[in-house]
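J.: can you look at this prediction? I've put the sequence above it.
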Amino acid sequence: MYKLTAVTKDYPKGRHTVRALRGVDLVIEDGDWLAIQGPTGHGKSTLLQILGALDRSTSGTVEFRGQDLASLRESQLTRVRATSIGFIFQTFNLIPTLSAQENVETALVPLGVTNAERRQRAARALAEVSLADRARHLPSELSGGQQQRVAIARALVKKPAVLLADEPTGNLDEGTRDEIMTLLEYLWQELGLTLVIVTHDTSVARRAQQTGVMKEGRLVVQLAAQHTKT
Amino acid sequence: MFITYLLRELRRRMRQAIFVAAGLALGIGLVITVIAASTGVSDSQATVLHSLYGVGTDVTVTQSPASGSGRPPNFRIGGASPGKAGTSFSRNVLRGPGLGTLKSSSVSTISGLTDVSAASGALSLTDLSLSGTVPSGSQQGAPGGAGSGSVTSSTFTVTGIDPAGDSLGPLSSATITSGHNITTAESTANVAVVDSNYAAAQSLKVGSKITVAGKSFTVVGIARAAQSASSADVYIPLARAQSLAGMTNEVNTIYVSATSSADISTVSKEISGALPKATVTTSSDLASEVTGSLSSASSLANSLGKWLAVAVLAAAFGIASILTVSAVSRRVREFGTLKAMGWRSRRIIRQIMGEALVIGIIGGIAGVALGYGGAALVQSLAPPLTASTAATSSGGPAGAAGQGGPGGGGGLARAASAASHSVSVHLTAPVTAGVVALAVALAILGGLIAGSLGGWRAVRLRPAAALARVE
């Protein structure tokens, strides 16, 4: 799925330059579940953004399904995100004025499907995360856990090749965290997703198949597989 | 999804949307009101000019009086020698009001010019009657003649018109309410058309007899002048006016119509070439001489009003843009999320522009309503406006008044000064379809400007940077 070679990422900060990633090498195979841990500010989210084609590396190569993302134009990167990559964010990032169903539908808008198909697929995605009865509720009318489940449905409705999650349980209590992680694990197993989760929570990272640790912009350790799919 | 997202977002920030729409409505309403008032002022000016020229006239030709002319008549009551003091007398004369004159042949000359469609001559005169008793010797011979003693005078204005040229000239804007206009068959007859106000004051009707320069004329028609139009009291055939005033083959105003409004300046030059000593006045020349509250209203509408409307509209556009950009700034993370899901920048820009456009259109509709209200208010509250032309020799029939020469007091000078013209018009403020279309266009423009700035703001950040924003 992914092959990163000597990837660096620099950010200008005033008169200085901050190096967020320092020569990261990483291989993620189809169907892998990778958790990336590390302290705040050491480049975890930056790495996730590079994987998600939300930002470009300063140097190095980022291959996604055989394509070098650095060589793609912005419109091509947008297309990659539209068809192949699903995102989940710590703060859920739902559109506050749209219902749960409509939020899920926003992921299908760039694909140009018909209105009827869009509604059907969104309804099915919500059902898969057990929120069919909340389809018409606004995000403000849902709990944190329910909002994150809507976000998961939104990420998965387009059947992406990879699901990238940035601190998906960061804003949730313990019980809800376990609920969400159980759902993600289920979907990883059932749908054969490639799943990359950035987290500072060790209990979340422990559930992943593989764990990497970011320290000062370097992917320092990539542990061997802790478990395989059953 | 586009409409749903748009309407939900507008509902979320309804207060701000209403504020922006209200600002646009105010600016657009003011623009409409100012344009309507300005159009009304222009219409009033056209009405005033028509009243001076008559409908259909593009150019008037007059002549400055020769020096030494225009002295008031000396009424020799007793002929070569004064009559006996105390003897009764009565005199009735028809005199020009001190305007210069042109040869009647000039009308033909002008008619023959390339860009002239028609020309007609007229002779504006004053009928002056004196009656009373011969004053004593020490009072006789005084210029003006109407000295002390039991002498009474009366005047009325008489205009000799060419029956063949009734589409031009002083009667062209009037309506014959009774009887008929003077026909070409009556061009040498003692017939008259009387102004309706004068007829009412003198209890005249069709068939009545009036005396002009001591001759009896039959009233064949009553004419009601157009609103605010200037009007003589009595109209008689030009040939009769020339004969009675001793001004054979003379006119003091020639009315000219150009083949098209684009040719007016060409016609003006051609006439000046054919008649170098004549004074040629176009409607735009006369417009610059109009004074009075109408002129002030015109300046107010065209300068202060226009700039005020532009300033308010610019402010409304500015506020709409600032608030749109501000609203977009608060949604940067939302747009970053949409981009992360694969929404293209132009789809996001379209969404933002759609929201701004809807606010603009709502503001435009409200602005049109405000504009209609403002125009109606202007129309109902505006006092009647007056317009006067200066009493100079370069004017049309309203010009050269008061050129009575030295010592020109008494009845003739007073009669002459009545020729300087002042009309009163009520200001209208018409809202035309063109103005409404302009308002809609301004509303759309306001929406597009605000939306463009907001859209640019939204998409200039990379998705990662947008997602990193804290709301």
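T.: Done, it's in.

J.: wait, residue A:147 sits on residue A:94?
T.: Yes - in this structure, residue A:147 is within contact of residue A:94 by Cβ atoms under 8 Å, at 5.8 Å. Backbone N, C-alpha and C define where each C-beta goes, glycine included.

J.: overlap in contacts, those two.
T.: Here residue A:147 and residue A:94 share the contacting residues residue A:139, scored by Cβ atoms under 8 Å, 6 or more residues apart in numbering or on different chains.

J.: can you pull the residues of chain A lying near chain B?
T.: Contact residues (Cβ under 8 Å from any Cβ of the partner chain) of chain A with chain B: A:46, A:49, A:52, A:54-55, A:75, A:78-83, A:87, A:89, A:93, A:95-98, A:102, A:105-107, A:109-111, A:118, A:154.

J.: show me which of the residues you listed are buried.
T.: Using 16 or more other Cβ atoms under 10 Å in any protein chain shown as the burial test, the residues of chain A next to chain B include A:46, A:49, A:52, A:54-55, A:78-82, A:87, A:89, A:93, A:95, A:97-98, A:102, A:105-107, A:109-110, A:118, A:154 as buried.

J.: okay, the residue nearest in space to the middle of chain A: pLDDT?
T.: Chain A has residue A:164 as the residue nearest its centroid, 1.5 Å off, counting by Cα atoms, centre = their mean. For residue A:164, the model assigns a pLDDT of 93.

J.: likewise residue B:84?
T.: Per-residue pLDDT puts residue B:84 at 72.

J.: next one: the one 5 residues further on
T.: Per-residue pLDDT puts residue B:89 at 78.

J.: filter the buried ones among the residues of chain A next to chain B down to the ones in strands?
T.: Per DSSP state E, strands hold the following members of those: residue A:87.

J.: helices of chain A, start to end?
T.: In chain A, the segments counted as helices under DSSP state H are A:44-51, A:74-84, A:100-106, A:115-128, A:144-156, A:174-191, A:202-205.

J.: helices and strands around the last one, which ones?
T.: Applying 3 or more Cβ pairs under 8 Å, 6 or more residues apart in numbering or on different chains; DSSP states H and E, we find helix A:202-205 packed against strand A:33-37, helix A:174-191.

J.: now what about it, what contacts it?
T.: By Cβ under 8 Å, 6+ apart, the surrounding residues in contact with helix A:202-205 are A:35, A:37, A:168, A:169, A:177, A:181, A:197, A:199, A:211.

J.: try 10 Å
T.: Contacts with helix A:202-205, where a contact means Cβ atoms under 10 Å, 6 or more residues apart in numbering or on different chains, come from A:34-38, A:165, A:167-170, A:174, A:177-178, A:180-181, A:184, A:197-199, A:211-213, A:223, A:226.

J.: is the strand or helix carrying residue B:39 anywhere near chain A?
T.: Secondary structure from DSSP states H and E places residue B:39 in helix B:14-53. No - contact of helix B:14-53 with chain A (Cβ under 10 Å from any Cβ of the partner chain) is absent, the minimum separation being 11.4 Å.

J.: now that helix, how far from the chain's geometric center?
T.: Averaging C-alpha positions (Cα atoms, centre = their mean, to the nearest Å) puts helix B:14-53 18 Å from its chain's average.

J.: what's the spacing between the next helix or strand after it and its chain's center?
T.: Sequence-wise, the next helix or strand downstream of helix B:14-53 (DSSP H and E) is strand B:59-63. Its chain's C-alpha centre and that of strand B:59-63 lie 19 Å apart, by Cα atoms, centre = their mean.

J.: how much space between the residue of chain A most remote from its centre and chain B?
T.: In chain A, the residue that sits farthest from the middle, by Cα atoms, centre = their mean, is residue A:15; the gap is 32.2 Å. Applying Cβ to the nearest Cβ, to the nearest Å, the value for residue A:15 to chain B is 19 Å.

J.: what does chain B have sitting close to chain A?
T.: Within chain B, the positions adjacent to chain A are B:1-2, B:4-13, B:331, B:333-347, B:462-468, B:470-471 by Cβ under 10 Å from any Cβ.

J.: so which of these are in helices?
T.: Of the positions in the residues of chain B next to chain A, B:2, B:4-12, B:333-340, B:345-347, B:463-468 sit in helices, assigned by DSSP H.

J.: quick one, which of those are buried?
T.: Using 16+ other Cβ under 10 Å as the burial test, these include B:5-6, B:8-10, B:333-340, B:345, B:347, B:463-464, B:466-468 as buried.

J.: let me see the contact set for the single nearest residue of the stretch 1-150 of chain B relative to chain A.
T.: Closest contact between the stretch 1-150 of chain B and chain A, by Cβ to the nearest Cβ, is at residue B:8 (3.6 Å). By Cβ under 10 Å, 6+ apart, the contact set of residue B:8 is A:95, A:96, A:97, A:98, A:99, A:102, A:138.

J.: which residues touch residue B:252?
T.: Contacts for residue B:252 (Cβ under 10 Å, 6+ apart) come out as B:61-63, B:65, B:96-102, B:121-125, B:159-160, B:396-397, B:399-400.
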